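> the following comprises the amino acid sequence and a computationally predicted model.
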Amino acid sequence: MTRAVSRSGVTAVQGERVLVGDIGGTNARFALVKPGTVELTHIVTLATADFPGIEAAIQRYAEQVGASGIHRACLALACPVDGDDIDMTNNHWLFRRQQLMNHLGLKQLKLVNDFTAMALGMLHLQPHELLDVHRGDSGRYSAERARAARLVIGPGTGLGVSGLMPVRDGWVPLSGEGGHVSFAPTNAEESAILQGLQKRYARVSVERILSGQGLLELYQVMADIEGLAAVCRSPVAITAQAQADEHSLGRRALNRFFAILGAVTGDQALTLGARGGVYVCGGILPRVHDLFLASGFHAAMVNKGRFAQYLADVPVWLCLAENPGLLGAAAALANDEVSG
């Protein structure tokens, strides 16, 4: 791929290239890849709130990196991607697939769920980008289990859930909306939390807790239960308080967040039969990975009665990579098993 300077002074990119994007509720990440590879270049992150729609964001990206003549694209979106009408779940963007193709002059546009891409991205990470949370008990992670199903789950703006199923020549990602299953308390404190959230919502899904906004609401509800002032006004403030003071409400809220995430992860792993492993990812956990590793996440994950050992045998990794969704979008474009 060659590069040249445009008349505006922006370094332009010449030669065939593919646009990939990973678009969530808060951020839209874009990059270019060489056809048939997952080699990312010209990575740029834009705030979705700064643009009226996806067309304007892509246009800004193309201008910023000096790209033109892009004819193929794969976009990973944090929403269902069936049909022509696309309505983002956690931001204001909505568009029509065919109109976007026409607007951008694309010959091919593949749209995939963001956690479908996230799942594929796990297969292209470097060893240093995965942190062991649990290695799997009793040495039972055999070659046979290396080809068993794997779960991918991660809290960010929402709660993403996907899976990887082995096939003869590789892996097929599963597209679903597991973050919207109902929250099921596991003890009296969580029952009180559920009751507090039911005052706000007619139905409480796990995403109402296991997300950035969910952490804030969990903290607020716990403050009400304990009769304390909710001094933190954002998820960032809560995690900062949790890191600074082990006796703070922020630390207790974050530990409860980890425990609920563990319980949900165990449920999802049982449903999928994910004996090959669990990837935990998303935008929240890497920033507090020290507290996460010391938390009750794994104890809650395996606390499934007769199936405790089943889950204790499952390895768990924390993804520390910066752009796994972009890697997965690049991989999805060339994967015939991924519709879009």
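Received, thanks.

> quick one: the helices in the stretch 101-250 of the chain, in order.
Listed in chain order, the helices of the stretch 101-250 of the chain (DSSP state H, counting those that start in this stretch) span 114-122, 188-198, 212-226, 235-244, 249-272.

> return the most buried member of those helices.
Sort the helices of the stretch 101-250 of the chain by mean neighbour count, taking mean count of other CB atoms under 10 Å, and helix 114-122 sits at the top with a mean of 30. (Each C-beta comes from the backbone N, C-alpha and C, glycine too.)

> contacts made by that helix with the rest, please.
22-24, 74, 76-79, 150, 152, 154, 160-164, 171, 173-176, 279, 281, 319, 321, 323-329, 331-332, 335, 338 (CB atoms under 8 Å, 6 or more residues apart in numbering).

> now with 7 Å, please.
Contact partners of helix 114-122, identified using CB atoms under 7 Å, 6 or more residues apart in numbering, comprise 22, 24, 76-78, 152, 154, 160-164, 173, 175, 279, 281, 319, 324-325, 327-329, 331-332, 335, 338.

> ditto for stretch 266-276
With CB under 7 Å, 6+ apart as the test, stretch 266-276 has contacts from 145-151, 153, 161, 163, 178, 278, 300-302, 304, 307, 311, 313-314.

> ChimeraX command to pick out the buried ones of these?
Here is the ChimeraX command that selects the buried residues among the contacts of stretch 266-276 (16 or more other CB atoms under 10 Å):
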select :145,148,149,150,151,153,161,163,178,278,300,301,302,304,311,313,314
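
> average pLDDT across stretch 290-299?
The pLDDT scores in stretch 290-299 average 98.

> for it, how far is the first residue from the last?
Between the opening and closing residues of stretch 290-299 there is a gap of 16 Å (CA to CA, to the nearest Å).

> please shift the residue numbers so they start at 805 in all later answers.
OK, 805 is where the count begins now, so the last one is stretch 1094-1103.

> and it, how far out from the chain middle?
Distance of stretch 1094-1103 from the chain centroid (CA atoms, centre = their mean, to the nearest Å) equals 19 Å.

> mind listing what's buried along it?
Neighbour count says stretch 1094-1103 has 1095-1097, 1099, 1101-1102 buried, by 16+ other CB under 10 Å.

> check contacts around the residue most central in space within the chain.
Using CA atoms, centre = their mean, the residue of the chain that lies closest to the mean C-alpha position is residue 1086, 4.1 Å off. For residue 1086, the contact set (CB under 7 Å, 6+ apart) comprises 958-960, 964.

> bridged to residue 935, which residues?
Judged by DSSP bridges, the bridge partners of residue 935 are residue 1122.

> contact partners for it?
1093, 1121-1122, 1124.

> again with residue 964
918-919, 922, 957-958, 983, 1086.

> tell me how many other residues surround the nearest residue to residue 1090 once chain neighbours are set aside.
Closest residue to residue 1090 apart from its sequence neighbours, by CB to CB, 6 or more residues apart in numbering: residue 1124 at 5.2 Å. If you count neighbours by other CB atoms under 10 Å, residue 1124 ends up with 16.

> next: residue 975.
20.

> right, and it touches residue 968 too?
Yes: contact criterion CB atoms under 7 Å: residue 975 and residue 968 qualify, at 4.7 Å.

> tell me the spacing between residue 1139 and residue 922.
Noted for residue 1139: a distance of 14 Å to residue 922, by CB to CB, to the nearest Å.

> next up, the contacts around residue 835.
824, 844-847, 1130.

> apply 8 Å and report the result again.
823-825, 844-848, 1127, 1130, 1134 are the contacts of residue 835 under CB under 8 Å, 6+ apart.

> cool, and residue 1125?
Shown in contact with residue 1125 (CB under 8 Å, 6+ apart): 925, 929-930, 933, 1085, 1131.

> so what's residue 836 bridging to?
residue 823, residue 845.

> check the gap between it and residue 914 for me.
Relative to residue 914, residue 836 is positioned 15 Å away (CB to CB).

> again with residue 864
Residue 864 is 22 Å from residue 914, by CB to CB.

> neighbour count winner among the two?
Ranked by neighbour count (other CB under 10 Å), residue 864 and residue 914 place residue 914 first, with 22 against 16.

> before we move on, the earlier item: can you list the contacts of residue 1086 in JSON lines and add pLDDT?
As requested, the contacts of residue 1086 are arranged in JSON lines below (pLDDT from 0 to 100):
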{"residue": "958", "pLDDT": "94"}
{"residue": "959", "pLDDT": "95"}
{"residue": "960", "pLDDT": "89"}
{"residue": "964", "pLDDT": "90"}
